[in-house]
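Colleague: Below: sequence and its predicted model.
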Amino acid sequence: MRLNLEEFFKLLSKYEIEEIEGLKLEGDIEIEIEEGAAIDVINEINLAMQHLMKALSMLGAAPVTPSLPSAPVPHREFRLLEEKFEPLPVKYSGTIQEVQLGAKRSEGGSRGSVVKLGGERSLPFYLFDSPQPNLPAIAIDVFDRPIPLPKAVREHYSDVMENPGEWAKKAVKLGADVVTIHLVSTDPLIDDTPPGEAAKVVEEVLQAVKVPVIVGGSGNKEKDPVVLEKAAEVAEGERLLLASATLDMDWERIGNAAKNHGHVVLSWTQMDMNNQKTLNRYLLKRLELPRESLVMDPTTAALGYGLDYAYTNMERIRIAGLKGDEDLSFPISSGTTNAWGAREAWMKDSPIEGDTSWGPRELRGPLWEITTGLTLSLAGVDLFMMMHPAAVAVMKEFMATLGGRKDRIETEDWVGVEL
Amino acid sequence: MKVKSPLEIYRLLPKTNCKECGYDTCMSLAAHIIDRSAKPEDCKPLVEDAKHDDEARQNLEKLIELTSPEIDEVIVGKDLKIGGEEVLHRHELTFFNPTALFFDVWDTMDDKEIDRRCSKVVGYRKFYVGRFLTLDGIAVRCTSGNPERFAEVAKKVAGYGSPIVLVSLNASCMRAALEAVGEHNPLIYAATLENWEEFLKLALEFKTPVVVRSQDLDALKSLAATFRSSGVKVVLDPVTEPVGEGLRETFERVIQLRRTAILGGDKEIACPLIITPIAAWKAEGDAVSRAYWETVIASLFIIKYGDAMILHSLEPYTIMPLIMLRANIYTDPRTPVQVEAGLREINSPDPDSPVFITTNFALTYYTVESDLTSGKIKGWLLVLDTEGLGVEVSVAGGQFTAEKVKELIDKTGVAEKVNHSYLVIPGLAARLQGAIEDETGWRVLVGPTDSGRIKGWLEKNWPPK
Ligand code: SF4
């Protein structure tokens, strides 16, 4: 397997796996032994059938009946029924809106790269239904102050937690297509950082990295609109993603900030498709937010802790969008870092009597984030907000593979060999 | 199933409302057949009549045909069901039979290692929402090319009592193994264009289900049709290629097969699908990367239509995400995930024991309950009706309020059972501390945010000073 990403292997070596083999794959035995053989066998059977038909017609039996085996067939006990598989094509009438995060200098911003989300005309990775113009992007979370993080995550960022600019740079180094700066310190119950000062952190991050930036608030309903508005002002034209507008805060103010300063709004609802539709409509119809300035977050729950609801909610939203519901045909964002809320991701071992030991948490944790993200990628997520570098690396490999961006690599068949 | 309305089923039932099926009316049984919580055979009078009455027999046959699942259901071992699915997306109804997970051993492995791996498979337990999740079975692979050895190992593995997949493309090896363990109804893997005729004979002789294997879907369908027309139960293997474009094509084959079976009505390939994430172990990389990638492939196909799987990694860190994902994806979205509200006594509490409160969301409740039980903590556990929402969401959404806590305390009479008035609330409900104190007059202690830490928390905070 080619995980291609040096960083991932470096991480693995941290887990004291000494030997890391070369990244190139040189398979020498092929899986597809059947293909040629299939034709041979079918040909042979066809031939046998023809002989039989001929023989029967000479005997005066009706040669047309296809159910030949009912006649006594000499020597052959069985014949292979020749069938053709016709896959059923599926086409949707709708297209998911394409949304660009970040703007280059020529577009009124200062980003070195931009990210395009959405544009799908089929279910995720169903390339046989329709090509998928954009693969999902990954954003890595950065915070404006040190915050408590699970050990497996913390150890990758402990050197930069005091400095959001450095943290953002590290995020890009670890594979982030986008950086999210969470202004958690603005929460009146934490540091109550004034909006002007918080906006400076946003500027600092914009200076530090060339990728598009997402700005998150603290979740405080009164303060977030003011903080996000200020960030929107100082980053005029950068096509930030403002995270987030919700139904129970001043979505109008956040929406207007995006509209007036050239940004995108993240429309966030709590796992309720109807609420998602409502909030999107408010933003689109009442505020006349342009369609290319809206991304939605229908809420991510961790594997084992409501992932089934999150998955089904997103899948339904995506299908509705593809079927032509214009209020729901927007790119979907997932706070995949939520996976770390599951105790299985971070706890040393099971607190429950009778459980088989859970295994080393430094290997379990990233897999929890991967499985949560991977599941939602199949529901239609276009933007993942993640944290663990190994999880980011594996998700990228996975999506590039299903997205048709990888070459064919032959591998030996596993059936009759030792592993 | 073909029918959508209970009326179509009702027509074919006896319409006497005799209640023998356990439902009040024939119509009620019909409705349960539609959502697959009951079967036509549950109508005993009809089954009885069918034995001598022609019309009844026809009705019963018709009913069984009309209500059989879109994807054939295949039984491996005594009663492990695979397939039997109806829909492409779980919200359209539900997924029924969770992906069966088989873990491999091979016959050139030394016996100790085989035993070690088999014990791990049958012994695996993970507590989740009120029950222990377990693994399904063992895949015995022939790497020796020696029929006697393969048979010997198959026999040894069968001793563990789990369902088995026998893996060999060689008919004489397969025959030897079937002679040893055929009575246990193993799944045989696999018939291909090269060996199909001998494998078909084996399947008929030993009456076992068979995997047919080809990445050419015309050939796969031809094999399936051939075996099924002889009355053999079939599982499809469109060949799992583990990496690169091959993996993408595997995904395409799986989706096309399942979609064409369910939406396109192609009955020949309306069979369970087997996926082999084990193929990741023939890709490049160290053990951890391969184990990770195997988990990635398995996760992908737990979500997308894999009905059975052969895996290699028995590391708990790869198994746990897979079985929890499987539990999530195969949870019936139609059933509420709530437990009854009220007061629970944990480990025979006494009047000095602490009083805890949690929500009636099944996942939250069972987590807290099992943490207290396993931690040997004596306590009174109040279960609040939050309409099946977890702590964080219900506090934010107004289903977990001080007023409702007071109501619950009054209704359960917990105050009379203890000689203190301290209530431990979840850390995630900390913001209700003041409100609950005001409303109830109890002293409220804020517990940890994760109930797995209650034990340590109690050591410091109980009894309160
Ligand atoms: S047992 Fe049969 S006849 Fe009796 S009520 Fe049930 S469905 Fe009707």
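Modeller: Ah, there it is. Fair warning: this is a prediction, and the values are worked out from it, not measured in the lab.
Colleague: CA atoms for contacts and neighbours, from now on please.
Modeller: Will do.
Colleague: which stretches of chain A form helices?
Modeller: Listed in chain order, the helices of chain A (DSSP state H) span A:6-14, A:33-58, A:151-157, A:164-173, A:195-208, A:223-234, A:251-261, A:273-281, A:307-322, A:343-346, A:361-377, A:389-402.
Colleague: now residue B:74, nearest residue through space, not along the chain?
Modeller: Closest residue in space to residue B:74, ignoring its immediate chain neighbours: residue B:82 at 5.3 Å, by CA to CA, 6 or more residues apart in numbering or on different chains.
Colleague: on that earlier part again, how about the helices of chain A, which one is nearest the ligand?
Modeller: The ligand lies closest to helix A:307-322 among those, at 33.9 Å (CA to the nearest ligand atom).
Colleague: Now tabulate the helices of chain A in JSON lines and tack on mean pLDDT.
Modeller: Shown next, in JSON lines, are the helices of chain A (pLDDT from 0 to 100):
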{"stretch": "helix A:6-14", "mean pLDDT": "45"}
{"stretch": "helix A:33-58", "mean pLDDT": "41"}
{"stretch": "helix A:151-157", "mean pLDDT": "95"}
{"stretch": "helix A:164-173", "mean pLDDT": "98"}
{"stretch": "helix A:195-208", "mean pLDDT": "98"}
{"stretch": "helix A:223-234", "mean pLDDT": "98"}
{"stretch": "helix A:251-261", "mean pLDDT": "97"}
{"stretch": "helix A:273-281", "mean pLDDT": "96"}
{"stretch": "helix A:307-322", "mean pLDDT": "96"}
{"stretch": "helix A:343-346", "mean pLDDT": "94"}
{"stretch": "helix A:361-377", "mean pLDDT": "97"}
{"stretch": "helix A:389-402", "mean pLDDT": "98"}
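Colleague: Buried deepest among those helices, which one?
Modeller: Looking across those with neighbours counted as mean count of other CA atoms under 10 Å in any protein chain shown, the highest average goes to helix A:361-377: a mean of 26.
Colleague: Nearest approach to residue B:322 belongs to which of the helices of chain A?
Modeller: helix A:361-377 (8.3 Å; CA to CA).
Colleague: What mean pLDDT does whatever helix or strand residue B:220 lives in get?
Modeller: Element membership for residue B:220 (DSSP states H and E) is helix B:217-229. Averaged across helix B:217-229, the pLDDT comes to 98.
Colleague: and if you look at stretch B:167-174?
Modeller: Mean predicted lDDT for stretch B:167-174 stands at 98.
Colleague: Quickly list the domain ranges of the chain.
Modeller: Because you didn't say which chain, this covers chain A. With domains defined by automatic domain parsing, chain A comprises A:1-25+A:38-66, A:99-413.
Colleague: I was after chain B.
Modeller: Split by automatic domain parsing, chain B gives B:6-67, B:73-329, B:342-461.
Colleague: Dump these to a markdown table, plus mean neighbour count.
Modeller: Shown next, in a markdown table, are the domains of chain B (neighbours: other CA atoms under 10 Å in any protein chain shown):
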| stretch | mean neighbour count |
| --- | --- |
| domain B:6-67 | 17 |
| domain B:73-329 | 22 |
| domain B:342-461 | 18 |
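Colleague: follow-up on the earlier one: quick one: contacts of the helix holding residue B:220?
Modeller: A:38, A:79-85, B:191-193, B:196, B:200, B:212-214, B:233-234, B:236-238, B:253, B:268-269 (CA atoms under 8 Å, 6 or more residues apart in numbering or on different chains).
Colleague: next one: stretch A:94-103
Modeller: A:109-111, A:113-121, A:211-213, A:237-241, A:264, A:291-295, A:321-325, A:329-331.
Colleague: Could you tell me which of these count as buried?
Modeller: Among the contacts of stretch A:94-103, those classed as buried by neighbour count (16 or more other CA atoms under 10 Å in any protein chain shown) are A:109-111, A:114-121, A:211-213, A:237-241, A:264, A:291-295, A:321-325, A:329-331.
Colleague: The residues you listed in strands, which ones?
Modeller: Per DSSP state E, strands hold the following members of these: A:115-117, A:213, A:241, A:264, A:294-295.
Colleague: and those residues as a markdown table, adding distance to residue A:256?
Modeller: Below are those laid out as a markdown table (distance: CA to CA, whole Å):
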| residue | distance to residue A:256 |
| --- | --- |
| A:115 | 22 |
| A:116 | 22 |
| A:117 | 22 |
| A:213 | 19 |
| A:241 | 13 |
| A:264 | 10 |
| A:294 | 12 |
| A:295 | 15 |
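Colleague: Check those residues against the ligand and report the nearest one.
Modeller: For those, the nearest to the ligand is residue A:295 (50.9 Å; CA to the nearest ligand atom).
Colleague: What ranges in chain B fall below the confidence cut-off?
Modeller: B:336 (pLDDT under 70).
Colleague: Residue numbers of it in contact with the ligand?
Modeller: Selection of chain B residues close to the ligand by CA under 6 Å from any ligand atom yields B:13-21, B:23, B:25-26, B:29, B:43-45.
Colleague: ok, and which of those reach chain A?
Modeller: When contact is defined as CA under 8 Å from any CA of the partner chain, these do not meet chain A at all.
Colleague: Filter those residues down to just the ones in helices.
Modeller: Reading helices off these with DSSP H, I get B:26, B:29, B:44-45.
Colleague: how close does residue B:156 get to residue A:418?
Modeller: With distances taken as CA to CA, to the nearest Å, residue B:156 is found 18 Å from residue A:418.
Colleague: Show me the one of the domains of chain B that comes nearest residue A:386.
Modeller: Closest approach to residue A:386 among those (CA to CA): domain B:73-329, 16.8 Å.
Colleague: The closest one: end-to-end distance?
Modeller: 18 Å.
Colleague: in stretch A:84-91, what counts as buried?
Modeller: Within stretch A:84-91, judged by 16+ other CA under 10 Å, the buried ones are A:85, A:87-88.
Colleague: residue contacts, the residue nearest to residue B:133 when sequence neighbours are not counted?
Modeller: Leaving aside its sequence neighbours, residue B:133 sits nearest to residue B:126 (CA to CA, 6+ apart; 5.0 Å). By CA under 8 Å, 6+ apart, residue B:126 lies in contact with A:354-356, B:132-134, B:320.
Colleague: Adding distance to residue B:223, write those residues out as JSON lines.
Modeller: Shown next, in JSON lines, are these (distance: CA to CA, whole Å):
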{"residue": "A:354", "distance to residue B:223": "44"}
{"residue": "A:355", "distance to residue B:223": "42"}
{"residue": "A:356", "distance to residue B:223": "41"}
{"residue": "B:132", "distance to residue B:223": "38"}
{"residue": "B:133", "distance to residue B:223": "35"}
{"residue": "B:134", "distance to residue B:223": "33"}
{"residue": "B:320", "distance to residue B:223": "35"}
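Colleague: Out of these, name the two that are farthest from one another.
Modeller: Counting by CA to CA, the most remote pair of these is A:354 and B:320, 14.2 Å apart.
Colleague: tell me which parts of the stretch 51-200 of chain B are close to chain A?
Modeller: B:90-91, B:106, B:108, B:123-127, B:141-143, B:167-168, B:192-194, B:197.
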